[in-house]
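S.K.: This is a predicted model, with the sequence first.
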Number of protein chains: 6
Amino acid sequence: MYRYTRELQFTAKPEKPDALFAMKFQEILGGQFGEMTVMMQYLFQGWNCRVPGKYKDMIMDIGTEEISHVEMLTVMLARLLEGAPGEVTEKAVATNPVLAAVIGGQNPQHAIVSGGGARPTDSLGNPWNAGYIVASGNLLTDFRSNAAAEGQSRLMTSRIANMTDDRGVKDMLAFNLARDTYHQQQWMLGIQMLIEDGFVEGVIERSNADLEDDDAAHVFYTAQDDSAAGQGLWATGESVIDGEPFRVEPLRPLTEDDGTLPAPDPLQFVTYDGNAGPAKPGNAAGARAQTVENVVRKVKNTLT
Amino acid sequence: MYRYTRELQFTAKPEKPDALFAMKFQEILGGQFGEMTVMMQYLFQGWNCRVPGKYKDMIMDIGTEEISHVEMLTVMLARLLEGAPGEVTEKAVATNPVLAAVIGGQNPQHAIVSGGGARPTDSLGNPWNAGYIVASGNLLTDFRSNAAAEGQSRLMTSRIANMTDDRGVKDMLAFNLARDTYHQQQWMLGIQMLIEDGFVEGVIERSNADLEDDDAAHVFYTAQDDSAAGQGLWATGESVIDGEPFRVEPLRPLTEDDGTLPAPDPLQFVTYDGNAGPAKPGNAAGARAQTVENVVRKVKNTLT
Amino acid sequence: MYRYTRELQFTAKPEKPDALFAMKFQEILGGQFGEMTVMMQYLFQGWNCRVPGKYKDMIMDIGTEEISHVEMLTVMLARLLEGAPGEVTEKAVATNPVLAAVIGGQNPQHAIVSGGGARPTDSLGNPWNAGYIVASGNLLTDFRSNAAAEGQSRLMTSRIANMTDDRGVKDMLAFNLARDTYHQQQWMLGIQMLIEDGFVEGVIERSNADLEDDDAAHVFYTAQDDSAAGQGLWATGESVIDGEPFRVEPLRPLTEDDGTLPAPDPLQFVTYDGNAGPAKPGNAAGARAQTVENVVRKVKNTLT
Amino acid sequence: MYRYTRELQFTAKPEKPDALFAMKFQEILGGQFGEMTVMMQYLFQGWNCRVPGKYKDMIMDIGTEEISHVEMLTVMLARLLEGAPGEVTEKAVATNPVLAAVIGGQNPQHAIVSGGGARPTDSLGNPWNAGYIVASGNLLTDFRSNAAAEGQSRLMTSRIANMTDDRGVKDMLAFNLARDTYHQQQWMLGIQMLIEDGFVEGVIERSNADLEDDDAAHVFYTAQDDSAAGQGLWATGESVIDGEPFRVEPLRPLTEDDGTLPAPDPLQFVTYDGNAGPAKPGNAAGARAQTVENVVRKVKNTLT
Amino acid sequence: MYRYTRELQFTAKPEKPDALFAMKFQEILGGQFGEMTVMMQYLFQGWNCRVPGKYKDMIMDIGTEEISHVEMLTVMLARLLEGAPGEVTEKAVATNPVLAAVIGGQNPQHAIVSGGGARPTDSLGNPWNAGYIVASGNLLTDFRSNAAAEGQSRLMTSRIANMTDDRGVKDMLAFNLARDTYHQQQWMLGIQMLIEDGFVEGVIERSNADLEDDDAAHVFYTAQDDSAAGQGLWATGESVIDGEPFRVEPLRPLTEDDGTLPAPDPLQFVTYDGNAGPAKPGNAAGARAQTVENVVRKVKNTLT
Amino acid sequence: MYRYTRELQFTAKPEKPDALFAMKFQEILGGQFGEMTVMMQYLFQGWNCRVPGKYKDMIMDIGTEEISHVEMLTVMLARLLEGAPGEVTEKAVATNPVLAAVIGGQNPQHAIVSGGGARPTDSLGNPWNAGYIVASGNLLTDFRSNAAAEGQSRLMTSRIANMTDDRGVKDMLAFNLARDTYHQQQWMLGIQMLIEDGFVEGVIERSNADLEDDDAAHVFYTAQDDSAAGQGLWATGESVIDGEPFRVEPLRPLTEDDGTLPAPDPLQFVTYDGNAGPAKPGNAAGARAQTVENVVRKVKNTLT
């Protein structure tokens, strides 16, 4: 359960409004790797976490901090949008080229939809969506995704910091950059701890390890004749799993299977030339062994 | 530029069709971390790559292999859908509960839209979209995202492998698991090599390092009173950047800024009680210093 | 069934084209609360309506009017886009800053995709989607949603009306504003009539009223220590249902349930420390009581 | 800023797992009117609110409560998914029709993607997106949208409550129903208070009232010859604004404007028969009055 | 402007309800090529049409008919959903395998969201979106898209018709199939007429014909060594434009351009090894010739 | 399986960078009819194709060429974005109106997200999604969709070619225009060949021809009183199927069915006035004939 305190985690005061910059700033709020993404990603990972204790607490702690970051960014945006020229008309534009540019470079939804407030979208107005986040239940893979997200998020924050002279904005972004620096390490150390605690065998996701094709796990395939990729550690190094060296092979078919498909169900009206024999009606009886007869047989067996 | 060979990279032959399993199988083709995602992610990273040589070649090689993986999965799906019961009617369902279940558990678009072919969607029919991929131009952050994507992809492949007895399907998935195992290492070794080659200073994204708030880069904030998160390496360890120890602090406002917003533009019709003074018209002249006068001044300066 | 008349419901003639304004104008055509939304919302509510007579007729009447509104807006847009500078080049931009601004502030899809026609999108190009509309079959909740949609739609129309000096545009928007004013009342009076006609017991959605936790229906929870929210009618007033006064309580856990989750299925490869006992295989037999044995038992019972 | 407490707001314990029900349950978590929607809608409204005091506090209080509701629902879902049959195979399905049905009716992403955890999607797997929420800055329209959302949310919760016998689920839903009942009233009383406090003139959004076409604000248009809609209060009643009676008129063109469009820019390659004169090149110079000449004139005026 | 008549264009009465079939039926209402798509596509094409007379009238006539088709399909769906088992519980499912299958195969949103009404989605619940439609202003390309859409729509309708025994459904689909047959021809004859009327030169979109690379317009490129594609008319035939024969060539690079990219802006933090010289700061001054100096020069020229 | 060659299919070198043009250029890469669409459309059609030989080879050949086109366009974009002003600040904008316009008209994600690389989106930043493509398995309908897509794609390419003076860009677009010209013919000749090879009976999709309502396949319905559409070939011509003449009829109800809906399930809380008799509980027993009794009967029959 959550509680609220009116004061922000960190000051979010620009020196002065800047509607053009506000449009770009949306990217680190509601974009693919904006704060809404890490907030929702950590909250879902934490709520779904099946290991109580330090891991779940850590995830919930950072998830809660990220809600506070989203709050900071929305406040910053609403302040950047102070007096954004919502009502400027054709006439005004005609006599003022800079104003014209501002209008052109401003997010129209900041005026029309949110009335000078932050929007839950990226810098081009794409609504934030949950297809950006992951919560698999497997802490190794999720911590790795989290570290990657913090890195991408920091990079975008860093690029945006270069797009303004505003001291107030830069101060807050300095804090955000630092948190992204810390959080990247936090997730990496989380993986190290998962190993120490015996939850995972190594840094690689390796569930169902017995099933996998061991040989194919040691090859780099080159798709071009003169690839220089053979010079990299991924080709000259060795597996972290068994210490066996990697090798380089040209990408080539490992099969004679040429992808020829079976005959279609004639009732699908799929174009077909009869090469795989008569088209087979896709009635369930024909297509699969299990029918009601199986049930009957099972019932008979149970009855007798 | 690309060339095509009819033979698949690896055999994609199920022992027998299975429409129910085909619905689930879509997840590793067109889902958030399906093969379409890594294919498009690597291709965009490679085409946009500004470092020719082993890095770009490596990205292009794997990107090209992933196109071949998407091909394998679509062929597998089209074969799993052989004779899928497209035309089964109410009457048939009524007398055959297993058939009813099959119909219920089958992807209707496999029959109605693709005529027994693979769909570019996930297991619930969400169309694949480019909001799943990232290509930032920064190889450190992108390689980290790639390693994470391969881990998530392998986990889903592993779960799906448990959902079938079909030897043909399992054989192909054994190959896919192995490639995901190898590719995770490939991207990690790529990061190691970026460090060795002097492209990055460490494993952390640290652009604009001078700007960041150094102190805030060493704190774990606990959002709950009795958090056990202080027991983790992220709290007891030290920074990989400067070796300074991390510390734990309660999450609390670091400011007295309570997020109070300035007066709105009255023409936005935003609810306002006058607390921040008279509502300020958002004409560009009032809102920002730069107006046509600046141009005029500049012109004057240049003319004289 | 529908019939068409070539004349518009209302004149849609701008005094002169204005490509910049056209971009913004898209918001009230294809945005979240644009005319496409109310058109599709009312049509689906009407077609699905199970009460013939004045309610269904009213919904169909306004739904049909809204198709006519969408028509008016598209015609206005196509006229605003007359001569929009599709072909302007780099050279032209370099010597004409206002033209540059126009190009910058113009919707590129108006030139590239629709050839100077209206687009079925909002002001930032998000395609209209049916996730914007609701048709629940319950007229009380739907009429409430409709009144809200008309209010939001009117607010955006009003903001956009401030962004132009064009008399022709303003004349049409004056008509649209009036219809939104009328339609807000129409839906509210619809709710009043539902009460008079005995279809609902009050202004609140109250299905399954017996099930609900009566006590929790009278509390305002404050999530912050010094909340001023206790001064509002929602705290000092009384329930419209039973006349009992509301009360204010701090938001706090009403349970000792700390969200600890049960053991995962080991085949899901979810991180787990054994705290909830051995991980339980998620075979259906173990997970749920009903198995084929139930069917057999049922069959036995029926047979004997 | 936010703080976290491990205990839930309300107990979220099902009597036993139920994967089929879990699929449906997703609708009130991540659907159009699920708890994620009201959580994000209230948070954005609160953060963007320009009126400090009881209104902002009330919005923040309920927004924070809704985060807690989302938490409760995710925990409930993760518990309903305990032992969900992730690994069940073709063979198992063939001999167990109920199991087959379970598999068919289960959300495959619950097993493949989230490993038995809640998903940020609706019951059919559509990822939650921010196109569901609104935060216009105008409290009247937003409170109306909020009341509507609570009503729709309660209706869906009520329908879902009928789909289970599980006492634990029903207990939690009884709490949720009550909160939805209370919250509907909360937003309506909020509107009443806005009026009492003088922020709005009435229950209708009426910004730019002077601009609107007064006559058109009093008419119900019938789109069908024999419409019964004239029997409703919306036809027989009177305006809440000026007390003038409404009237009924047939929907008919109020103009002779037949939507004929002007000549296209020839470089758009739009089909055109010359009916509106020669096609006009859409260079900015021709299309609009304001060009660099305006700047020059302005500069001249300022210089002299 | 539109008018409404209560009677449907064609009878939409199923013999009996069928919730399973209703889920599939959604595809031809709200899917990629469902009736909502052609309705919105034709309406936008018609409203944006710049040729009054027979073309615009034809488009408006069919657009209006399609609204009527959407109405028919929603009514059919609402009738198929009569008595759909919304409230069925775990207990009921456990003792009734067919019911279990029905529940599994039913669209949960039909019960939870629309209360037994049609949904504006496809068969897997994806909301209809305007990314499905096209209205380019060029009648040749649009008529071609329309013919294609009618063909795809007919194919899906045909597949769905095979999935039911219900006479009432089949009767309506027989009408829909016929309209799709007619409409395919309508759009093709529209193209023929565009040619006869002199609006286009042929069946191929050929705007800017002078610009195109004439030689490249006559080659079929084979991407595989042993392609059989050379046997087709596209290889052995001749151009409809100039009668010149087509030829077959292997797909190969026509350039030595290996896609090497220029140096990045150092402030973008893009990985770069200096191969293209020093990284170039992306200030606008450096990146492009046109600066304020151009304006000054222009002003000077005009002043003198 | 695919192989890669470093050289591009065609030179992709702009004379100089142009960030404004780059934003527009995205439309033909990642838009509805951009190269990503035809690439993915042809690949899915080819992989799913059940006719080996010249058709499948042709589809795979062009699909592979289209991957190469996507590569060309991304390289062009990355070069157009060289030195795009990522870091320009408020101060710079204030003194440079053209720079202001460039900033306003530039895609912010080109700087913030991709670091000067191509994005997998359209010109307004909508991520490419698989809802743009079709692969039905029926070559007639798919070839028709393909020809339409090439036409739309060519039209957009042609419009974009008019928006630049850059010789390098124009050279590449001249090649793209030519390929679109050729490919339109390729798909049309594919249809002609399908007829010659006996796969289809004519140019019209006609599956389930026996079912269709023959009379309704010959009528053009006019939805307006004074429609001029009767002058077109679609009215005066004849059916390509049976040579029978078309006729014109006013669009009118062909039924007395007024869309009245049956009684709802009372547990759906749908508004209902009893007009269709008592509301019927939607338990499966009542709603449909098939229950467990059917299974029992079947079992009995089989046992005896």
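M.R.: Done, it's in.
S.K.: When you work out contacts or count neighbours from here on, use the C-alpha atoms and nothing else.
M.R.: OK.
S.K.: okay but A:Thr260 is in contact with F:Lys56, surely?
M.R.: No: counting by Cα atoms under 8 Å, A:Thr260 does not reach F:Lys56; the two are 9.9 Å apart.
S.K.: can you list residues touching both of those two?
M.R.: F:Arg50 (Cα atoms under 8 Å, 6 or more residues apart in numbering or on different chains).
S.K.: A:Lys278 belongs to a strand?
M.R.: Rather than Lys, residue A:278 is Pro. No: with DSSP: H, G, I helix; E, B strand; the rest coil as the criterion, A:Pro278 is coil rather than part of a strand.
S.K.: What helices and strands are in contact with the helix or strand harbouring A:Asn146?
M.R.: Using DSSP states H and E, A:Asn146 falls within helix A:139-161. Helices and strands touching helix A:139-161, by 3 or more Cα pairs under 8 Å, 6 or more residues apart in numbering or on different chains; DSSP states H and E, are helix A:27-30, helix A:35-47, helix A:167-196, helix B:139-161, helix F:108-112.
S.K.: tell me which residues in it are buried?
M.R.: Buried residues in helix A:139-161, defined by neighbour count with 16 or more other Cα atoms under 10 Å in any protein chain shown: A:139-161.
S.K.: if we can go back for a sec, of the helices and strands packed on helix A:139-161, which approaches C:Leu20 most closely?
M.R.: In terms of Cα to Cα, the element of the helices and strands packed on helix A:139-161 nearest to C:Leu20 is helix F:108-112, at 18.6 Å.
S.K.: With mean pLDDT and distance to E:Gln231 as extra columns, can I get the helices and strands packed on helix A:139-161 in TSV?
M.R.: Formatted as TSV, these follow (pLDDT from 0 to 100; distance: least, Cα to Cα, whole Å):
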stretch	mean pLDDT	distance to E:Gln231
helix A:27-30	98	51
helix A:35-47	98	52
helix A:167-196	98	57
helix B:139-161	98	40
helix F:108-112	95	44
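S.K.: Redo these as CSV? Include distance to F:Arg206.
M.R.: CSV is the format used below for the helices and strands packed on helix A:139-161 (distance: least, Cα to Cα, whole Å):
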stretch, distance to F:Arg206
helix A:27-30, 47
helix A:35-47, 48
helix A:167-196, 58
helix B:139-161, 39
helix F:108-112, 46
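S.K.: Looking at these, which is nearest to B:Pro250?
M.R.: Comparison of the helices and strands packed on helix A:139-161 against B:Pro250 by Cα to Cα identifies helix A:167-196 as nearest, at 14.7 Å.
S.K.: Quick one: work out the angle between the closest one and helix A:139-161.
M.R.: Using axes from the mean of the first three to the mean of the last three Cα atoms, to 10 degrees, one finds that helix A:167-196 and helix A:139-161 are set 160 degrees apart in direction.
S.K.: show me where pLDDT drops low in the stretch 201-304 of chain A?
M.R.: For the stretch 201-304 of chain A, the stretches with pLDDT under 70 are A:282-304.
S.K.: One more: the stretch 1-150 of chain A?
M.R.: A:84-104.
S.K.: count of residues packed around the residue in it that chain F sits nearest to?
M.R.: Using Cα to the nearest Cα, the point where the stretch 1-150 of chain A gets nearest to chain F is A:Gly105, with a distance of 3.4 Å. A count of nearby residues for A:Gly105, using other Cα atoms under 10 Å in any protein chain shown, gives 28.
S.K.: Surely it touches F:Leu20?
M.R.: No: using Cα under 8 Å, A:Gly105 is not in contact with F:Leu20; the gap is 11.9 Å.
S.K.: in terms of contact, does A:Ala148 touch B:Leu140 like I think?
M.R.: No: contact criterion Cα under 8 Å: A:Ala148 and B:Leu140 do not qualify, at 9.4 Å.
S.K.: for A:Ile204, helix, strand, or coil?
M.R.: Going by three-state DSSP: A:Ile204 is coil.
S.K.: ok, it to E:Arg79 distance?
M.R.: Between A:Ile204 and E:Arg79 the computed distance is 53 Å (Cα to Cα, to the nearest Å).
S.K.: The helix holding A:Asn146 vs helix A:35-47, what angle?
M.R.: 160 degrees.
S.K.: Which residue comes closest to the residue nearest the centre of chain A once chain neighbours are left out?
M.R.: Centroid-nearest residue in chain A, with Cα atoms, centre = their mean: A:Tyr132, separated by 4.1 Å. Nearest-residue entry for A:Tyr132: A:Gln32, 5.8 Å, with adjacent residues in sequence omitted and distances by Cα to Cα, 6 or more residues apart in numbering or on different chains.
S.K.: just A:Gly31 next, same as before
M.R.: With Cα to Cα, 6+ apart, the residue lying closest to A:Gly31 is A:Asp122, at 4.1 Å.
S.K.: Repeat that for A:Leu73.
M.R.: Nearest residue to A:Leu73, sequence neighbours excluded (Cα to Cα, 6+ apart): A:Leu29, at 6.4 Å.
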